[in-house]
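J.: Sequence plus predicted model, see below.
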Amino acid sequence: MGEDIKWAPYLEKIKEQIDQLTLKRITEWEGHDLTPASEFTTAKARGGFKAYSTAKIEKIGIGTLYLNEEVHYGFCTIFPDENHSLPNFISRWEEREREVRFLVDIMPSVDSLIDEEYRKKYVESVQPLWERFASLPGICPEESDVIRSLCSIIYTAASVPIDKEGMRLAALAPHTEYLKNYLGFLKDATPVENDAKREEVKKKRAAIRGTLRTKFFKEVMGDSIESTVGSDLSELIVTILF
């Protein structure tokens, strides 16, 4: 069954946008060699994950994983460096023969309910995209209460039925469009000069990454990731993404 599925080009489309940046490959992070995760094949899985950095961005994590040729997972995360209060970009893709489940968000690095200037610049400016995809079949709230609490008010999540031609690409559109919008923020982003604000950003981003490490990837994958690629490779993937 799985071998006959024409999977959506998640990695290719995301990478088209990322490749517009001047990227530097990250092969070591927090004392870990990341290269074993760049491309792998086991009896039940195949995939690859890589990490990059660029101006104003500490780390970009991106990759895909196919389990038994029946499920296609895709992930892309972007975390700015500690000198910039840019939001974080989060994309999660879970594709099966008859359904695509996903979440994509431009996640604030500060309390956007209090910081009006930040909210207008990085949240309200994305509102038209949220409205554009609000009618996509299968639009629904993110299931995880914890992840939903981290998201902005303009996150898009869905469980899209694949019941006709073109639905895979329709489900992929929010990811590429949100990413385009996010990359547009980089050009005019300036360093945070206020020490208190910089500390706020640092603490919130650390809390977000810590939560995403345990919820965004592992909770979605359940025990399937470790059982198919092993605990060491699973931990490397998490390290790359977060």
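T.: Thanks, I have it.
J.: Please make it C-alpha for all contacts and neighbour counts, starting now.
T.: OK.
J.: okay, and the helix or strand of the protein with the least pLDDT?
T.: Every helix and strand of the chain was ranked by mean pLDDT, DSSP states H and E. The lowest is helix 218-221, at a mean of 66.
J.: and the next element down the chain from that one?
T.: helix 224-229 (DSSP states H and E).
J.: what does that next one rub up against?
T.: The contact list for helix 224-229, computed with Cα atoms under 8 Å, 6 or more residues apart in numbering, reads 42-45, 67, 218, 233-234.
J.: Return the member of those residues nearest to residue 85.
T.: residue 218 (26.7 Å; Cα to Cα).
J.: quick one: contacts for residue 162?
T.: 97-100, 168.
J.: which ones are touching residue 46?
T.: Contacts of residue 46 (Cα under 8 Å, 6+ apart): 39-40, 65-67.
J.: Give the residue spans of the protein that score low on pLDDT.
T.: Along the chain, the parts satisfying pLDDT under 70 run over 1-3, 216-224.
J.: in the top helix by length along the chain, what's buried?
T.: Assignment by DSSP state H gives helix 167-186 as the longest helix of the chain. Buried residues in helix 167-186, counting neighbours by 16 or more other Cα atoms under 10 Å, are found at 167-168, 170-172, 174-176, 178-179, 182, 186.
J.: Any idea how far it is from the middle of the chain?
T.: Helix 167-186 sits 11 Å away from the centroid of its parent chain (Cα atoms, centre = their mean, to the nearest Å).
J.: Which parts of the chain are helices?
T.: 10-18, 116-118, 127-133, 145-150, 167-186, 195-212, 218-221, 224-229, 231-241.
J.: Out of the buried residues of helix 167-186, which comes closest to residue 131?
T.: Nearest member of the buried residues of helix 167-186 to residue 131, counting by Cα to Cα, is residue 174, at 10.9 Å.
J.: Tell me which residues are up against the longest helix of the chain.
T.: Counting by Cα under 8 Å, 6+ apart, 7-8, 10, 13-14, 17, 56, 86, 89, 91, 100, 104-106, 122, 126, 129, 133, 136, 156, 160-162 sit against helix 167-186.
J.: pull the CA atoms of that helix into CSV?
T.: The C-alpha trace of helix 167-186 is given here as CSV (Å, rounded to 0.1, in the frame of the first residue of the first chain):
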residue,chain,number,x,y,z
MET,A,167,-5.3,17.8,-1.5
ARG,A,168,-1.7,16.9,-0.5
LEU,A,169,-0.4,20.1,-2.1
ALA,A,170,-3.3,22.1,-0.6
ALA,A,171,-2.3,20.8,2.8
LEU,A,172,1.3,21.8,2.1
ALA,A,173,0.5,25.4,1.1
PRO,A,174,0.2,26.7,4.7
HIS,A,175,3.7,25.5,5.5
THR,A,176,5.4,27.2,2.5
GLU,A,177,3.4,30.4,2.8
TYR,A,178,3.9,30.8,6.6
LEU,A,179,7.6,30.1,6.0
LYS,A,180,7.8,32.7,3.2
ASN,A,181,6.2,35.2,5.5
TYR,A,182,8.6,34.3,8.3
LEU,A,183,11.7,34.7,6.2
GLY,A,184,10.4,38.2,5.2
PHE,A,185,10.9,39.2,8.9
LEU,A,186,14.6,38.6,8.8
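J.: of the helices of the chain, which approaches residue 61 most closely?
T.: Closest among the helices of the chain, once you apply Cα to Cα, is helix 231-241, at 4.4 Å.
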